[in-house]
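> here's a sequence, model it:
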Amino acid sequence: MSSNLPLLPGHRFSDPYLQNYHKNQLFHFKTKTCLEKPILNEVIDPYTISGLSTLTSSVTSERLRNRETVLNESYPRILPQWIKMDKKVLRFHSYFVEHVVESAYENYRIRKCDILYYLDDNTIHITEIREENSGIPQGYFLKRHKIEKADGSGDYITYNDFNIKSDILIYGKKFRICDCDDFTKKFYADNNITLNSPEPFPKIPGDDKFANVDTKANGAKIAELKEYIEVKLGGGHPNKILKQFLENDRKVLNFDIVWYDEKYDKEEKYYKLHYFLSNGNVK
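Residues are numbered from 1 along each chain as shown. Have a look, this model is predicted:
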């Protein structure tokens, strides 16, 4: 086949050894993850007619038999954003203030969130940091999608709109950005964008309410109640006092004692001392 022939119908010949008619793809799955195939050694531009002609002339009969189509496995010189920025996410540590009107102990709450900006498609996902026994729903705060700016221009929020020690308005809620992770700092440094220095999260009201409370002593006081409730609910945590009671119930140690009263009548008085093994009481 001549290399000068254009790639037109009638100028191409079918492979007589062709058995498989599938097309090789640029991606393949490995452990349920879509990955790119390795870059080929041949550097051919498949988007020009000359490149296609060179490609057609370079394919040997052995390649045709094995169906190693270089065209379908070619790698573009300029990577699209969704490939170049795949799995690259910027993480910003932020918070927003929630007003509280139904409680007499606090007027507002500080709710900490992580703002995730996906570089492959400029989408934003917000998740709230979970706190144990907070009493409020936390976790998934905003689903991943593109978000328009609040100025009404119709443009979407990009990574240029984020900075430390700054506020960003998302659907009427103002988020204060305090810090970001190391990858985000490196990304902005590589793009010659200067970030502000981090700032600490504000103090949550009510944190110092139990500053002078001896939590260790209180824990010892309610330890028996907690163990009883766990056993009542079928837990495997042993109740030491209950075990002592079950093993030593109705077991009493008796002692004959004498007391000489020097102040009242100067006489010896005899008593019985009972020590109850079930709970350690003395009578």
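
> which elements pack onto whichever strand or helix holds Lys143?
Secondary-structure assignment from DSSP states H and E places Lys143 in strand 140-145. When contacts are defined as 3 or more C-beta pairs under 8 Å, 6 or more residues apart in numbering; DSSP states H and E, strand 140-145 sits against strand 108-118, strand 123-128. To be clear about C-beta, it is placed using only N, CA and C from the backbone, and glycine gets the same treatment.

> where along the stretch 101-250 of the chain do the helices fall?
182-190, 215-221, 223-232, 240-248 (DSSP state H, counting those that start in this stretch).

> list the buried residues of the first one.
Spelled out, it's helix 182-190. 184, 187-188 (16 or more other C-beta atoms under 10 Å).

> got the angle for it vs strand 108-118?
60 degrees (axes from the mean of the first three to the mean of the last three C-alpha atoms, to 10 degrees).

> which among the helices of the stretch 101-250 of the chain is found nearest to Gly152?
Closest approach to Gly152 among the helices of the stretch 101-250 of the chain (C-beta to C-beta): helix 182-190, 26.9 Å.

> hmm, which helix or strand of the protein has the shakiest average pLDDT?
Least confident element among the helices and strands of the chain, by mean pLDDT, DSSP states H and E: helix 49-58 (a mean of 42).

> low-confidence bits of the chain, can you list those?
1-7, 10-13, 24-25, 32, 38-77, 103-105, 204-221, 236-240 (pLDDT under 70).

> what residues go with each domain of it?
For the chain, automatic domain parsing gives the domain ranges 1-78, 89-207, 215-276.

> make JSON lines from the ones you listed and add distance to Lys283 to it.
Formatted as JSON lines, these follow (distance: least, C-beta to C-beta, whole Å):
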{"stretch": "domain 1-78", "distance to Lys283": "71"}
{"stretch": "domain 89-207", "distance to Lys283": "42"}
{"stretch": "domain 215-276", "distance to Lys283": "4"}
